[in-house]
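In: Provide a 3D model corresponding to the input given below.
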Amino acid sequence: MSAAGQDCYVAGVDTHLDTHTAAICDGGGKLLAERQVPATEAGYADLLAWARHLAGDHALAWAVEGAGHYGLNLARHLAAAGQQVAEISHTPHLGKRRAGKTDAIDALRAARELLAISHPAQPRADGDREALRLLIADRDQVVRACRSARALLAAVLVTMPGSVRQQLRSMPSARRARACAALTVPAGAGRLTAIQHQTLARIGQRILALAAESRQIETQISAIVDDLAPGLVAAEPGLGHLSAAQILLSFSHRGRIRSEAAFAQLAGTAPIPASSGRTVRHRLSRGGDRQLNRALHTVIITRARSHQPTRDYLARRQTSGKTQREAIRCLKRYLARHLFRELSRLDTT
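Out: Below you'll find the predicted structure:
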């Protein structure tokens, strides 16, 4: 129980949209008290005062479920009051739920989990990191909407009259959207023809608006990335601002992840032994932060196309018996180690 000693009290909190339920236990995991408060600033203050009163002269640590979502404002309130806050996973192993499930049971489980783990997770940093998270989530939604609109446009064009269909289908995607957005209803057109042209124009205008919104968000993301990690994108081949944003968001701040090996495990790039008998090998990891893994994968694939040292490495490893997938996994593990060290060096917060 390195997270808290025997003389430390731990408050576990199960967070929800409207209420937060807390359970306090001593350093041996014995339940002392439970309390539910509304998820408001007044509720956070009430919860903190209650926990401090119960803890008395004992040190107090907090185990907050969902400290990046439902529990974010509570974590902010506790951090501003100088409290020690750790983030606990929402999804415990099924074996830990033999006692059933209520908010109070989950709060007690969170407190006991903090006592049991050797390296509790810190909540992500606020400020620019939280702004980055919001921008990434917003852009992902805009890109999905734009992709959906382009697919709709392609489907609608199939049923258009021959002259309109042939003219628009032969255009590149971006030019087609602009051409559709500029369409007007021909003079004297019937109802069907008018609706066909209006539908194409609306879809085209939607695509252009979403593409412009995506570019605006990307500009904001790039500015934050350059502020948080000056020169990182320029120094790393194949690393763009969007991939760098996800890597920075997962890394958050120096000290949140204890080592480069832990960062590799978080990224799903740490090798997992898969040996049997005379076969000695490692397999790909399917766990960890899959968005971080995707960002690292994007960098490696980009380097494999245009970065000669990366191309040489892949060729050499495949010549020695590795599959292409295994060689890429090795590169992603190296990249995770390298970026962890670079971000730790750059981060002064």
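
In: in the stretch 151-300 of the chain, which ranges drop under the pLDDT threshold?
Out: By pLDDT under 70, the low-scoring segments of the stretch 151-300 of the chain are 280, 282-283.

In: what residues are up against the residue nearest to Ala121 when sequence neighbours are not counted?
Out: Of all residues not flanking Ala121 in the chain, Glu87 sits nearest, at 4.6 Å (Cβ to Cβ, 6 or more residues apart in numbering). Bear in mind the C-beta positions are built from the backbone N, C-alpha and C, glycine included. With contact set as Cβ atoms under 8 Å, 6 or more residues apart in numbering, Glu87 has these partners: Val64, Glu65, Gly66, Ala67, Gly68, Ala75, Pro120, Ala121, Gln122, Pro123.

In: what bridges to Glu87?
Out: Val64, Ala121 (DSSP bridges).

In: now the residue nearest the centre of the chain: how far from Ser243?
Out: The centre of the chain sits closest to Gln291, judged by Cα atoms, centre = their mean, with a distance of 5.7 Å. Gln291 is 10 Å from Ser243, where distance means Cβ to Cβ, to the nearest Å.

In: With Asp312 instead?
Out: Taken as Cβ to Cβ, the span from Asp312 to Ser243 is 22 Å.

In: what number of residues lie near His197?
Out: Neighbour count for His197, taken as other Cβ atoms under 10 Å: 18.

In: In contact with it: list those residues for me.
Out: Leu183, Thr184, Val185, Pro186, Ala189.

In: Filter those residues down to the buried ones and hand me the PyMOL line.
Out: Applying 16 or more other Cβ atoms under 10 Å to those leaves a buried subset, and the PyMOL line that selects it is:
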select buried, resi 183
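
In: Under a three-state scheme, what state does Leu32 occupy?
Out: Three-state call for Leu32 (DSSP: H, G, I helix; E, B strand; the rest coil): strand.

In: Glu41 versus that one, what's the distance?
Out: 25 Å.

In: Same check on Asp103?
Out: Asp103 is 20 Å from Glu41, by Cβ to Cβ.

In: Neighbour count for the two, which is higher?
Out: Comparing Asp103 with Glu41 by other Cβ under 10 Å, the one with more neighbours is Asp103, at 19 against 12.

In: how about the more buried one, what does it touch?
Out: Asp14, His16, Thr19, Thr21, Gln36.

In: domain assignment for the chain?
Out: Domain assignment for the chain, taken from automatic domain parsing, gives 8-116, 128-228, 232-346.

In: if we can go back for a sec, going by distance to Met160, which of the contacts of Asp103 wins?
Out: Nearest to Met160 among those, counting by Cβ to Cβ, is His16 at 49.5 Å.

In: Setting aside sequence neighbours, what's the nearest residue to that closest one?
Out: Here the residue nearest His16, using Cβ to Cβ, 6+ apart, is Tyr70, at 5.8 Å.

In: Phi first, then psi, for Val37.
Out: phi -130, psi 160 (degrees, to the nearest 10).

In: ok, now which ones touch it?
Out: Val37 touches Thr19, His20, Ala22, Gly43, Tyr44, Asp46, Leu47, counting by Cβ under 8 Å, 6+ apart.

In: Buried among these? Need that as a selection in PyMOL.
Out: In PyMOL, this line selects whichever of the contacts of Val37 come out buried by 16+ other Cβ under 10 Å:
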select buried, resi 20+22+43+44+47
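
In: Mind checking which of the contacts of Val37 are in helices?
Out: Among the contacts of Val37, the ones falling in helices (DSSP state H) are Gly43, Tyr44, Asp46, Leu47.

In: May I ask you to name the longest helix in this protein?
Out: helix 191-228.

In: If you count neighbours, what's buried in the helix or strand following that helix?
Out: Downstream of helix 191-228, the first helix or strand assigned by DSSP states H and E is helix 232-235. Neighbour counts over helix 232-235 (16+ other Cβ under 10 Å) mark Leu232, Val233 as buried.

In: Just the C-alphas of helix 232-235, formatted as PDB.
Out: In PDB, the C-alpha atoms belonging to helix 232-235 read as follows (Å, rounded to 0.1, in the frame of the first residue of the first chain):
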ATOM      1  CA  LEU A 232       8.900  19.000 -31.100                       C
ATOM      2  CA  VAL A 233       6.900  18.700 -34.400                       C
ATOM      3  CA  ALA A 234       9.700  20.300 -36.400                       C
ATOM      4  CA  ALA A 235      12.400  18.000 -34.800                       C
END
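
In: by contact count, what packs against it?
Out: helix 191-228, helix 241-251, helix 324-346 (3 or more Cβ pairs under 8 Å, 6 or more residues apart in numbering; DSSP states H and E).

In: I am finished for the moment; much appreciated.
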